[in-house]
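Participant: For reference, the sequence and a predicted model appear below.
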Amino acid sequence: MGDHGPAKGFGRWLFTTNHKDIGSMYLWFSFAMFLMGGVFALVIRAELFQPGLQLVEPEFFNQMTTMHGLVMVFGAVMPAFVGLANWLIPMMVGAPDMALPRMNNWSFWILPFAFALLTSTLFMEGGGPNFGWTFYAPLSTTYAPPSVTYFIFAVHIMGASSIMGSINIIATILNMRAPGMTLMKMPLFVWTWLITAYLLIAVMPVLAGCVTMMLMDIHFGTSFFSAAGGGDPVLFQHVFWFFGHPEVYIMILPAFGIVSAIIPTFARKPLFGYASMVYATASIAFLSFIVWAHHMFTVGMPIAGELFFMYATMLIAVPTGVKVFNWITTMFRGSMSFETPMLFSIAFVILFTIGGFSGLMLAIAPADFQYHDTYFVVAHFHYVLVPGAIFSIFAGVYYWLPKWCGNMYDERLGKAHFWLSFVGLNVTFFPMHFVGLAGMPRRIPDYALQFADFNQIASMGAFLFGFSQVFFLFIVIKTIRGGKQATDEVWENPEGLEWTIPSPAPYHTFTTPPAVK
């Protein structure tokens, strides 16, 4: 604040360039968006509790599916990972702050305005975006409500925020590492974010191009996506998914980094296969660019295209399998203890793998003709994103919260939150595999009677999962306000266990004593 001393009150947060303050603001903002997106999801699940129209009009139901997806992806998951990056990357690489602190402040503060704009569309004439979070043309151009223009502007602002955040992260990691910290000595969270930041810079302009072409089609008489004027609606899908597929890896790679920090801590062993983890992450990022059309097997592409995208998609299972193998091998014969971060991480490994298997099923082109646009797809990506992205964020918050605020959270409450979330998640999303394979289409406000039982179960699970997150909010606030003081080495000895160091150490030399008495 120049010569006027530090800002007080709200000014401190408005003008701050401190990476910890900005990281905290990102995390609080993303949690607010998580709760808002969760409310949208509960409207969806309440409507689907039984067949027959109950709560909302079909039009509003479509707005809810659209807003739930957009808010969760761009408002909850991505800002949460950026918040973790802001807090942790400078500390992990030994930098005093982020490389570009003023831009850091700016990239956060444009987000609340972007989402205020996006949410305001729900109150506009004609209602909010009603075309699904993938906003396929011509639904989002020719047949869209007038509010689509504001939606496009909001997407541009979010994209600008992501690009600035990514430039900042890359500049920090490449230029501000402590002496002696080579790239291959960086913590894996830093590596995953370095790769993620490059992905963001590569694909965010593609999304910007996509919504700009929409804008031109709506207001300026072009026909990029209109067959009547010589354009092609399938072009929209190509452009969108060229952004959208790397985007789903942007939402999972930082999660890999978090879990790779937590599992070694609670297994009390170094991470198995560090270098292979780095190369696997880079391979996944590269492959994410050449599989986009597996979202489009039903558009009528040539058989050669189907084969290419099928095999390229299956190839992603290889580096992902390497990662899962390394996490399990890290735990193997470790002296494991099961604090809340470890529980979330183990659930991550198991459930993310289930999501990976259903993804492998969807990669089979002729099978995908059957699965496409059914609830099986919804089950698949929620098994990747909820136990994948969301659980890893929970794990990271429980793991680093003592470092952030100096207090330990209440372990019993943390475990209760884990089990409520774990049960709620599985009760919600597992039945969706069954209704999907039985033929229930996604994005419908009403359905045939034979799908009623599983939908009822899923809706009950959703409310359990949703209300568990209010409990999480209580735990975090309780921890920040007080609690047992965290030690300097928070997780060195989590449960007050006594260590004995076996002599000689049987397999490796450990930094942390390996065995428990």
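Facilitator: The structure has been received and is ready for your questions. Numbers count the residues shown, from 1 in each chain.
Participant: Let me know the secondary structure of the nearest residue to Phe272 once chain neighbours are set aside.
Facilitator: Ranked by C-beta to C-beta, 6 or more residues apart in numbering and with sequence neighbours excluded, the top spatial neighbour of Phe272 is Thr329, at 4.2 Å. C-beta here means a position set from N, CA and C on the backbone, and glycine is covered the same way. What DSSP: H, G, I helix; E, B strand; the rest coil gives for Thr329 is helix.
Participant: shouldn't Thr329 be in contact with Leu271?
Facilitator: No - Thr329 is beyond contact range of Leu271, at 9.3 Å (criterion: C-beta atoms under 8 Å).
Participant: higher neighbour count, those two?
Facilitator: Leu271 (18 against 15; other C-beta atoms under 10 Å).
Participant: The more buried one: what secondary structure?
Facilitator: Assignment for Leu271 (three-state DSSP): coil.
Participant: By mean pLDDT, point me to the weakest helix or strand of this structure.
Facilitator: Ranked by mean pLDDT, DSSP states H and E, the weakest helix or strand in the chain is strand 499-500, scoring a mean of 40.
Participant: Going along the chain, name the helices of the stretch 151-300 of the chain.
Facilitator: 188-219, 233-250, 253-267, 274-287 (DSSP state H, counting those that start in this stretch).
Participant: circling back: next one: the residue nearest to Phe272 from Gly244, what distance?
Facilitator: 33 Å (C-beta to C-beta, to the nearest Å).
Participant: for Val318, same thing?
Facilitator: From Val318 to Gly244 the distance is 22 Å (C-beta to C-beta).
Participant: Compare those two and say which is more crowded by neighbours.
Facilitator: More neighbours surround Gly244 than the other of Val318 and Gly244, with 19 against 12 (other C-beta under 10 Å).
Participant: ok, and which of the helices of the stretch 151-300 of the chain has the densest surroundings?
Facilitator: helix 253-267 (a mean of 25; mean count of other C-beta atoms under 10 Å).
Participant: Could you list every helix and strand in contact with that helix?
Facilitator: Counting contacts by 3 or more C-beta pairs under 8 Å, 6 or more residues apart in numbering; DSSP states H and E, helix 253-267 is packed against helix 78-93, helix 188-219, helix 274-287, helix 317-331, helix 340-363, helix 391-405.
Participant: nearest to Asp21, of these?
Facilitator: helix 78-93 (8.9 Å; C-beta to C-beta).
Participant: Which SSE is immediately downstream of that closest one?
Facilitator: helix 101-120 (DSSP states H and E).
Participant: So what's the predicted local confidence for Val490?
Facilitator: For Val490, the pLDDT comes out at 86.
Participant: which residues does it contact?
Facilitator: By C-beta atoms under 8 Å, 6 or more residues apart in numbering, Val490 lies in contact with 402-403, 408.
Participant: Just the buried ones among those residues, please.
Facilitator: Among these, those buried by neighbour count (16 or more other C-beta atoms under 10 Å) are 402, 408.
Participant: Please tell me how far the residue nearest to Phe272 sits from Pro187.
Facilitator: Taking C-beta to C-beta, one finds Thr329 at 19 Å from Pro187.
Participant: Check which residues of stretch 359-371 are buried.
Facilitator: Applying 16+ other C-beta under 10 Å to stretch 359-371 flags 359-360, 362-365, 368, 371 as buried.
Participant: tell me how far that stretch is from the chain's mean position?
Facilitator: Offset of stretch 359-371 from its chain centre (C-alpha atoms, centre = their mean, to the nearest Å): 23 Å.
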